[in-house]
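Undergrad: I need the structure of the sequence given here:
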Amino acid sequence: MRILPIAALCVMLPAAMPAATCGGHGTRESMFVSTEWLAAHLRDPKLVILALGSSAAEFEEGHIPGSIYFEYRDSNRETSAAGLRVELPPADVLARTFARYGVSSDSHVVLYYLKDMWTQTGRVYMTLDAMGLGAQTSLLDGALPAWKAEGRPLATGAAPPPAPGRLEPCRRDDVIADLEFVKSHLSTPGVRILDARDPKVYRGEVERPGFRAGHIAGAGNIYQGALLDDRGKLKPVPELEKMFRDAGVRPGDRVVTYCFIGQQASALYTVARYLGYDARLYDGSMDEWSKHPELPVENPSKAQ
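TA: Next up is the predicted model:
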């Protein structure tokens, strides 16, 4: 995987961003940074490092110096007005939330997980992308396990509270796909809908209470867990591109990802953006689709 040289990445990230102006999406060069890059930039004044984990206690056991523990639930509405789980909050709410973590309009945010939170980290990346900060946000390739495996320094205990950031509300309109878009593009050339769940779930062999078994009619399948290698690092670009081709994605397609509630699909959305696709997240996912029995679902397990 190609990592942008340090100097080039610093040039690419804007020194300042006009208030309420949405920035662009991230690129292959900016979206993932190496442990070497992060180690060299720990003292950058505009760097904000957010760690995701199962608890603050886990963070206090050992984390990257200078990082801040991010409460994952702060980036989501647990239940929307429509009764859907893990939905994107309004732009003004998100701006206030991330500002509390020290994020400003000119920050460079680096996300990493302590362990086993790849999909949640992808979800936070998608959220920041929807806020117009995608070009200023990176994921640490390999996360904390890679950092620790290389013997890099760890900090322990609680981190001091960050100085509040200055972040204006802004929300891009090219990140989220709604029910009507998905329903009307099930077989539209140039639009490929992808299920990010385990293939057994996709095929209907494994069911989850409250969700219709199988997948949205016509959707392809790329399991989000298969995007990483056995070290937890992103697989090489040629392997990822083949996975998308095998799932029926063609050059220039708009990719729409979904899962149960939009979390696993956020990781797949992130990698689709990384590969250069015009990506969207169907945030309602099967949570919403299942509430409409008239909408088509394919269940290969029942066809046998």
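Undergrad: ok, longest helix in the chain?
TA: Ranked by residue count, the top helix of the chain under DSSP state H comes out as helix 118-130.
Undergrad: which residue ranges form the strands in the stretch 201-304 of the chain?
TA: With DSSP state E, counting those that start in this stretch as the definition, the stretch 201-304 of the chain shows strands at residue ranges 215-216, 220-221, 254-258, 278-282, 297-298.
Undergrad: hmm, back to that, using CSV, list the CA coordinates for the longest helix of the chain.
TA: These are the backbone C-alpha positions of helix 118-130, laid out as CSV (Å, rounded to 0.1, in the frame of the first residue of the first chain):
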residue,chain,number,x,y,z
TRP,A,118,-12.5,-1.9,12.7
THR,A,119,-16.2,-1.3,11.7
GLN,A,120,-16.7,1.3,14.4
THR,A,121,-13.6,3.2,13.2
GLY,A,122,-14.9,3.1,9.7
ARG,A,123,-18.2,4.5,11.0
VAL,A,124,-16.5,7.4,12.6
TYR,A,125,-14.5,8.0,9.4
MET,A,126,-17.8,8.0,7.4
THR,A,127,-19.3,10.5,9.8
LEU,A,128,-16.4,12.9,9.5
ASP,A,129,-16.5,12.5,5.7
ALA,A,130,-20.2,13.4,5.8
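Undergrad: helices along the stretch 151-300 of the chain, start to end?
TA: Ranges of helices in the stretch 151-300 of the chain, per DSSP state H, counting those that start in this stretch, are 179-184, 199-202, 237-246, 264-274, 285-289, 300-303.
Undergrad: elements contacting the first one?
TA: Identification of packing neighbours for helix 179-184 by 3 or more Cβ pairs under 8 Å, 6 or more residues apart in numbering; DSSP states H and E yields strand 254-258, strand 278-282, helix 285-289. From N, CA and C alone the C-beta is placed, and that goes for glycine too.
Undergrad: now do the buried residues in that helix.
TA: For helix 179-184, a neighbour-count test (16 or more other Cβ atoms under 10 Å) marks 179, 182 as buried.
Undergrad: show residues contacting it.
TA: Here helix 179-184 makes contact (Cβ atoms under 8 Å, 6 or more residues apart in numbering) with 193, 216, 256, 258, 280, 282, 284, 288-289, 292, 295.
Undergrad: who wins on neighbours among those?
TA: Within those, residue 258 tops the neighbour count with 30 neighbours, counted by other Cβ atoms under 10 Å.
Undergrad: just give me the residue closest to the centre of the chain.
TA: Closest to where the C-alpha atoms of the chain average out (Cα atoms, centre = their mean) is residue 122, at 2.2 Å.
Undergrad: what sits against that residue?
TA: Residue 122 neighbours (Cβ under 8 Å, 6+ apart): 139, 224, 263, 266-271.
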